[in-house]
Every structure is written in structure tokens, then in C-alpha cells.
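*Asks:* Next one to model:
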Amino acid sequence: MTDQYGFQATPKMYKTRFSQWGFVKNNTEDEVKRLLSMKFQRDAEGKVSEFVRNGRVVNLGTYLKRKGVTEYDLVDFETPAQLPSYVRCRTPTPPPAPGYLRSPDLIRAQETIVGNMRKAFLHCRQFEVETDRQVGWTSIMLWGAGSSDMFADANKKFEMGEHDAGGHLLMRAFKRLEMDLKQLSPQGIKELLLGMVHRDAGMMTALCKYLAAYSTTNFERSHPLRQTFSTLYEVQQKHGPITLSELVWGCIPTIAEELEAIYGRRHPYVARTWIDLAIFYNHANPERLEKLLSELQPLRRQIAGRYGQGSADDLALRYAVVQLMQAAWPNGDNTRAEALELWTAMKDSGLIFPVRGAEHNTFCYHSPLKVDPWDRRCRDRYDVGTQFFQQHCGIKVLPYFEEDMHYIEHAPDSHSALAAALGHMAPSKFSLI
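*Replies:* Residues are numbered from 1 along each chain as shown. Okay, the predicted model is just below:
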């Protein structure tokens, strides 16, 4: 300008004039808020967003890192999702379908996730050893993180098209997740990862975003969970929820192997992990399950001796064995024999009651597991049990849990009826049911 037109001005004067004209190099906070409003709206629809300003891609991550804030610090849900005239939003070109998980950035992401999961499990194990914390077999019947149950229920609502009910459950799940993240077990960590596998795209995006924001705000930079959740969020932002789901699922078997290497095959966390993958995700390796069973079978006598025959821990371990056999050999004679043996143990423990007015093969099962108010029972696990009792024993089981109302009327069995007739019927808390 000086050479061609003789216009004398300082750099500050240029910047002032460019600002008045709208030619600003850096994004303002108000502009970023508008971009985030649009981004959050598209995230809820499962869409990946890329913003272009004056022909150049806007990197929101760089702005947030420079300011030291997260998306949740800036986003204003009352701000209309209306972009400035010089900014446009588009969906970036997706990566090619065949072999795209082998791209360098996704391979690095997998390595980061698996490596940091190993560190997280080691930290959990060290804490348990230092505090002498014992993890019983009843833990396999509970959710590691109570919010996992709520996320699963919300996903079912979204799949059925009940979006209002799903959204309500999702908000409750996030409130519970805030408490869960303060003390996560390996089981809870694994459940959060599986919460981003083959779920509703909008829900996966929201969960991934929340975990990244929470860990960035509350965990140190080197914390393994912060490293993991930040990496997952970067993948979701760049590649979308579908690729995120496939990436996490690709990591899960290796993460399970790391958990087994740290805790050993005889630990409830390890058994629960391989059972979940086999029964709920159709990832069964009969050879691995057979090795696991060979370790658990001798443990049964030890658990029965410590906690008592028919105790909650004894039945939980027996149940884990049956589930592993069901996953490896669903129609095997040994699986049927093990299911019948479990049924006999439940009857001998006084937990089985015939149901009045029902078929002769219908029974009410009273779970001996006592659940604390802050724990959540994994009811899907009991549903699996009712299925294999029906398959192998021809028995219909109706589970009852102490935290529920008891609506099933028991029918007196032959021994109880004879005792009542002779006046020797002992009082029971279920005698009036």
C-alpha cells in the first residue's frame, strides 16, 4: 500500500480496519459459540462437522487448547445454530471403506487406547493390593458402573424410536456417570468402552464427548483415562461415530487379554469380561474359554468352603462356569449336566419355590445376593440364566430380587403341605405371599 498508493499506516491501524471490515484472522469467542451450537446439533444427529472460513478449515480444537477450555465451557444451548455468512459447515469426505482402520492415525489411536488401558488396570490392581480390597464372585452379577445400565436402557429406547424416553434416561445416566467416574473399577472402565460399540450414533457421540470433557477437566494430563478418552474423542471428531465404534471393538479383545495378564484367569473381572464378549457380543473362543474353565473348576470347592455351599458367592461362581460352558458348547451334554447341578444347588439352598396356578415346571427363584443402594444389579445376566434353564432343564424360572415388590404367589410343595397339615410349619417371611 505504501509503495503503490503512498498510503501510510501502522500494522495496528491495519488490524483495526480489518477488524471493522470483518477480516479477522482468529476466531472470536462469539463465533466459536455459534460454531459449537451448530456442531452439537449435528453431533446429536450422528453427523461429523467441518467448518470452512474464507476457504480454510477452522480447527476448533486449536482454539480450545489455546484458551484452556472445553466445548462445554463455551457452548450455549440457547444460542441459535446460525453461522456467520463467511463460515459454512460441511460433512468431510469419509475415509475409504476397505482397510480404513489400518490408516496411521487410527493405528496410533488403537495403540494409545490399549496401552493406557493396561496402565489403568495396573493402577486399579495396585490400589486393591495396597488397600487389601477383595473382589468377590458376586461382583459379576452387578454393573461395574451403575450408569452402564442406564445407557443400555436409553439405547434400547432410541432403537425403538422412543426418543423422548431415551433422552430422559440419557440425562439420568450422565448424572450417575459423574459419580461413577470418581471411582471406576476395571469392570466399569470396560463397560464404558463397550458403551461406544454398536450403539445409537447420537448417544455414542454424546458419551464420547462427555468422557473427554470430564477427563480433561478432572484428570491430570498423564492420567491413562484422560489419554484414552481424549483419543477416542479425536477419532469421533475426525471419522464419525461408526468408525469410533469399530475402532473400540477392535481394541476390546486385546484389552481383555491385558486384563487377564494383570489379574489372572481366576479373577471375577476376567471371567466376567470373557463371558460378556461371548454371550452378548458373539465373540467366543472355545479354546480360551476351555482354559478359563480349567482354572475355575478347582476354585469352586475353595469358594464353597469359604462362603458356604449355596451362598451368593458359591452360586455366582457356579453360574459363571455354566455361562462359559454355554458359550463354548451350547448344546453339549456337559453343559446340560452343569446346568442341572446348578439347579439342584439352588433348590437345596431353599431359593426355589413352585408358583401357584402355573405349570408344574414354573418356579420362583429368590436371589441370595444383597445389593447396596448405590449398586445396580445386572439383570440381563439373569435373563441369560432363565434361557439356559429353559433349554437344558425344561424349567421356567421367574427371578425375584429383594429390591423389587414380590407379586408371585407361591404354591406349597409336598413337604411344606405335609408339615402344615401336621402343624409343624415353621414361620417364614414368605409365608403370607
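*Asks:* looking at this, Leu369 is in a strand?
*Replies:* No - if the criterion is DSSP: H, G, I helix; E, B strand; the rest coil, then Leu369 is coil and not within a strand.
*Asks:* Please, where are all the strands along this structure?
*Replies:* 50-53, 56-57, 87-90, 352-354, 362-366, 396-400 (DSSP state E).
*Asks:* Name the surrounding residues that touch the first one.
*Replies:* Taking contacts as C-beta atoms under 8 Å, 6 or more residues apart in numbering, the residues outside strand 50-53 that touch it are 27, 35, 38-39, 57-58, 60, 83, 86-92. No exception for glycine: its C-beta is placed from N, CA and C like everyone else's.
*Asks:* Any buried residues in that strand, and which?
*Replies:* 50-51, 53 (16 or more other C-beta atoms under 10 Å).
*Asks:* For PyMOL, write the selection for the buried entries among the contacts of strand 50-53.
*Replies:* Remark: buried members of the contacts of strand 50-53, expressed as a PyMOL selection using 16+ other C-beta under 10 Å:
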select buried, resi 27+35+38+39+58+60+83+87+89
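*Asks:* neighbours around Arg356, how many?
*Replies:* 13 (other C-beta atoms under 10 Å).
*Asks:* so it sits right up against Leu398, yeah?
*Replies:* No - with contacts counted by C-beta atoms under 8 Å, Arg356 stays clear of Leu398, the gap being 12.0 Å.
*Asks:* Mind putting the buried residues of strand 50-53 into a markdown table with pLDDT and distance to Ala120?
*Replies:* Shown next, in a markdown table, are the buried residues of strand 50-53 (pLDDT from 0 to 100; distance: C-beta to C-beta, whole Å):
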| residue | pLDDT | distance to Ala120 |
| --- | --- | --- |
| Glu50 | 80 | 32 |
| Phe51 | 82 | 34 |
| Arg53 | 79 | 38 |
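*Asks:* which of those lies closest to Asp348?
*Replies:* Relative to Asp348, the closest of the buried residues of strand 50-53 is Glu50; by C-beta to C-beta it sits at 63.8 Å.
*Asks:* The closest one and Pro92: what is the separation?
*Replies:* Distance of Glu50 to Pro92, given as C-beta to C-beta, to the nearest Å: 4 Å.
*Asks:* same question, Glu287
*Replies:* 42 Å.
*Asks:* circling back: quickly, which of the strands of the chain bottoms out on average pLDDT?
*Replies:* Among the strands of the chain, strand 56-57 has the lowest mean pLDDT, at a mean of 78.
*Asks:* can you give me the offset of it from its chain's centre?
*Replies:* 36 Å (C-alpha atoms, centre = their mean, to the nearest Å).
*Asks:* Tell me the strands beside that strand, with direction?
*Replies:* strand 50-53 (antiparallel) (DSSP bridges).
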